[in-house]
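K.L.:
When you get a sec, could you give me coordinates for this:
(2 chains)
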Amino acid sequence: MSNLLEIKNLRTHFVKNKRIIRAVDGIDFQIGKGETIALVGESGCGKSMTSLSIMGLVPSPGGKIVEGEIILDGVNLLDLTEKEMYGVRGKDIAMIFQEPMTSLNPVLTIGDQLTSVIIHHLKLSKKEANLRAIEMLELVGFSDPTKMMKNYPHRLSGGMRQRVMIAMAMSCNPKLLIADEPTTALDVTIQAQVLELMKELSKRFSTSILLITHDLGVVSELAERVVVMYAGQIVEIATIEDLFDDPLHPYTIGLINSVPSIEGEIKRLQSIEGNVPAPGSIIQGCKFAARCSHAFDRCWIEEPDLLLMDDSRAVRCFLYDDEEANV
Amino acid sequence: MTLPNQVEFTNRPTLLEDHQLQPHDSIWRVMLRKYMSNKLAVIGAILLFIIIGSALFAPWLAPQDPSKQVLLDKLSPPGDKYILGADNLGRDTLSRLLYGARVSLLVGFASVAGSIFIGTVIGAVAGYYGGKLDAVLMRFVDAVISFPSLFLLITLVTIFEPSLMTLIAVFAIFGWTGTARLVRGEFLSLRSAEFVLAARTLGIRNSRIIFSHILSNAMGPIIVSATLGIGGVILAEAALSYLGLGIQPPIPSWGNMLQSAQNPQVMLGAWWYPLFPGFMILITVLAFNFVGDGLRDAFDPKIND
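P.N.:
Predicted coordinates:
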């Protein structure tokens, strides 16, 4: 599979009160064409900053991409001017958000919001854009899209709004859809519908999806590969099967153990001891060592590198470094 | 494979319920209902309707030419010939009030339109971009507010002839600071709204986000401040006219009608002469304030009807 998006050594830093916060601290990963990748981690681990970095919308002043490349279809997005990025956002990369209740403009109709995006990117006439918008609304499951066009967002339920957001994001046929916790704010029944819809649409338009979430249930539903982030770094990359069958990094194991399971005997849920290190704190050695039950001397002194296990597997942990050395 | 929309039809009462509603009714209906529940605001609106209507139709409503002087009839009391009396040059007060309404309202509307425009652009840019630009623009606003504007106003009006245009320009140039602060505040809170980020991720340009997405959300407070502002400008025009620096005779404005009546002998002897223009100013400003308050409540989503 050829790569649609390659992120190389991306570093996004924030300066707050003269302290540097390394929100994204050197991450590398690829997304193939049509592939769905999940970016998993606790709050504050840099997931959302990664997505905003890809979008070129790092909050400024304060935030800045200091290093790295984000290559979409052979073009480094960081080399583009702001004007050129206007053409990328919404056209090549689109994004949907966690809070469907607030991510639509309350005073514009659904139709206005949809058509303005379509007209901007596809350079269609008002009439053609209308048709396209209606088509998109139908595609995401509205029974009467023509009427829906004239509605204001406040009359829609959360699930309906998230569908509108998806319609908007997909309206210009993006190559990559970034979904930032797309189902977190929705009811469980609606969650399933929305996930199903995203799956369906990504298959239909062969859109790659970068799914950002902390919900491993959603991950197993949608993703093919998983990137686990901790404190701004990638700690493990694995296919979905490998991740659930044989998680390597102690943090990943902790994450999986903290998900309640329906099958098997009822056990006490495990949680990961301790907290995510405060943003901006300087940690020697492995960033996870303080919470890791396997930590040994080396972990406190040196910082582990991301070890490539095989083509689709990588982990940042000394436990596996020793194994490699022994072989 | 079942398409998601088949699940949709059967399982989603919200969708079906939505079909029974008329599109468009909600936001404006709710606002209208809230507005109508405020008695004073309704009275204000009716008054304004009458005042603006009679100003527009002044040529047809006025019984006489407002500048026709009949010196023999000077200071005649209200009666058959002059419904609201005549002034010290024997001009019909009612006719002058009607034509004066045109001038006073024109000054009010035009200068507020100007100041709202300046204030909105500066406030929007400052609030949306923030940072240094915001700091510079807001210090500029502080500077303009700190100007002894009344004296500057008087000076400006003296240098440039006090015509309708100068008055409007002067009021617009000094009146925008409040709007700028208000709009900046709205933009500061709205720019971090998720729908703004969502719009940005869809590649919508900053200019469009500012003037279409955010401004439409800030329209309520802007309209309210404009409404209240018109009342303020009418008062200010009256004050300037009273000093003889407003609209110059023979063009009637409510302010200069009051001014020509300020002679105490005239005032005591002919009570109708200062009373009616004063009363019109009072009523009009009051009506604008009532309407402004009503609009504020109607636009405020936190106040339920």
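
K.L.:
Low-confidence stretches in the stretch 201-327 of chain A?
P.N.:
Applying pLDDT under 70 to the stretch 201-327 of chain A flags the ranges A:261-269, A:322-327.

K.L.:
Which single residue of it approaches chain B most closely?
P.N.:
A:Leu201 (9.3 Å; Cβ to the nearest Cβ). In this view, the C-beta of every residue, glycine as well, is placed from N, C-alpha and C.

K.L.:
which element is that residue on?
P.N.:
Using DSSP states H and E, the element containing A:Leu201 is helix A:188-205.

K.L.:
So which residues make contact with the helix or strand following that helix?
P.N.:
Remark: after helix A:188-205, the chain's next helix or strand is strand A:208-213, criterion DSSP H and E. Strand A:208-213 is contacted from outside by A:4-5, A:31-40, A:47-48, A:50-51, A:54, A:175-184, A:198, A:202, A:218-219, A:222-223, using Cβ atoms under 8 Å, 6 or more residues apart in numbering or on different chains.

K.L.:
related to what we said a few turns ago, which one is the residue of the stretch 201-327 of chain A closest to chain B nearest to, not counting chain neighbours?
P.N.:
A:Met170 (5.7 Å; Cβ to Cβ, 6 or more residues apart in numbering or on different chains).

K.L.:
who does the spatially most central residue of chain A bridge with?
P.N.:
Taking Cα atoms, centre = their mean, the centroid of chain A lies closest to A:Ile212, which sits 2.7 Å from it. Bridge pairing for A:Ile212 (DSSP bridges) gives the partners A:Leu39, A:Asp180.

K.L.:
Distance check, it against A:Asp25.
P.N.:
17 Å (Cβ to Cβ, to the nearest Å).

K.L.:
ok, the residue of the stretch 201-327 of chain A closest to chain B - contacts?
P.N.:
So A:Leu201 contacts A:139-140, A:166, A:170, A:207 (Cβ under 8 Å, 6+ apart).

K.L.:
So what's the residue count around A:Ala167?
P.N.:
By other Cβ atoms under 10 Å in any protein chain shown, the residues close to A:Ala167 number 28.

K.L.:
Now it, what are its backbone angles?
P.N.:
In this entry, A:Ala167 is assigned phi and psi values of phi -60, psi -40 (degrees, to the nearest 10).

K.L.:
Over to A:Gly62?
P.N.:
According to degrees, to the nearest 10, A:Gly62 has phi 120, psi -50.

K.L.:
bridging residues for the residue lying closest to it once chain neighbours are set aside?
P.N.:
Excluding the flanking residues, the one nearest A:Gly62 by Cβ to Cβ, 6+ apart is A:Phe14, at 5.3 Å. For A:Phe14, the beta-bridge partners are A:Ile21, A:Gly63 (DSSP bridges).

K.L.:
okay but A:Phe14 is in contact with A:Asp25, surely?
P.N.:
No: under the criterion of Cβ atoms under 8 Å, A:Phe14 makes no contact with A:Asp25, lying 11.4 Å away.

K.L.:
tell me which parts of the stretch 51-200 of chain B are close to chain A?
P.N.:
B:130-131, B:193-195, B:197-200 (Cβ under 8 Å from any Cβ of the partner chain).

K.L.:
Would you show me how to pick out the buried ones of those in ChimeraX?
P.N.:
In ChimeraX syntax, the buried subset of these is picked out as below (16 or more other Cβ atoms under 10 Å in any protein chain shown):
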select /B:130,193,194,195,197,198,199,200
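
K.L.:
Any chance of TSV for the residues of the stretch 51-200 of chain B next to chain A, columns pLDDT and secondary structure?
P.N.:
Below are these laid out as TSV (pLDDT from 0 to 100; DSSP: H, G, I helix; E, B strand; the rest coil):
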residue	pLDDT	secondary structure
B:Gly130	84	coil
B:Gly131	83	helix
B:Ala193	84	coil
B:Glu194	83	helix
B:Phe195	87	helix
B:Leu197	87	helix
B:Ala198	87	helix
B:Ala199	88	helix
B:Arg200	87	helix
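
K.L.:
Can you tell me which of the residues of the stretch 51-200 of chain B next to chain A is nearest B:Asn256?
P.N.:
Nearest to B:Asn256 among these is B:Gly130, at 45.2 Å by Cβ to Cβ.

K.L.:
The closest one touches B:Leu188, doesn't it?
P.N.:
Yes: using Cβ under 8 Å, B:Gly130 is in contact with B:Leu188, at 7.3 Å.

K.L.:
Okay, the residue of the stretch 201-327 of chain A closest to chain B and A:Ile96: tell me how far apart.
P.N.:
Per Cβ to Cβ, A:Leu201 is found 11 Å from A:Ile96.

K.L.:
try B:Thr93
P.N.:
As for B:Thr93, its distance to A:Ile96 is 66 Å (criterion: Cβ to Cβ).

K.L.:
check contacts around residue 126.
P.N.:
In the absence of a named chain, chain A is used. A:Lys126 sits next to A:115, A:119 when contact means Cβ under 8 Å, 6+ apart.

K.L.:
wait, I meant chain B there
P.N.:
Per Cβ under 8 Å, 6+ apart, neighbours of B:Ala126: B:133-134, B:137-138, B:180, B:184, B:187.

K.L.:
Which strand or helix spans it?
P.N.:
helix B:93-129.

K.L.:
How about A:Leu4?
P.N.:
Assigned by DSSP H and E, A:Leu4 falls within strand A:3-16.

K.L.:
Looking at the residues of the stretch 51-200 of chain B next to chain A, which is nearest A:Glu273?
P.N.:
Closest approach to A:Glu273 among those (Cβ to Cβ): B:Glu194, at 33.3 Å.
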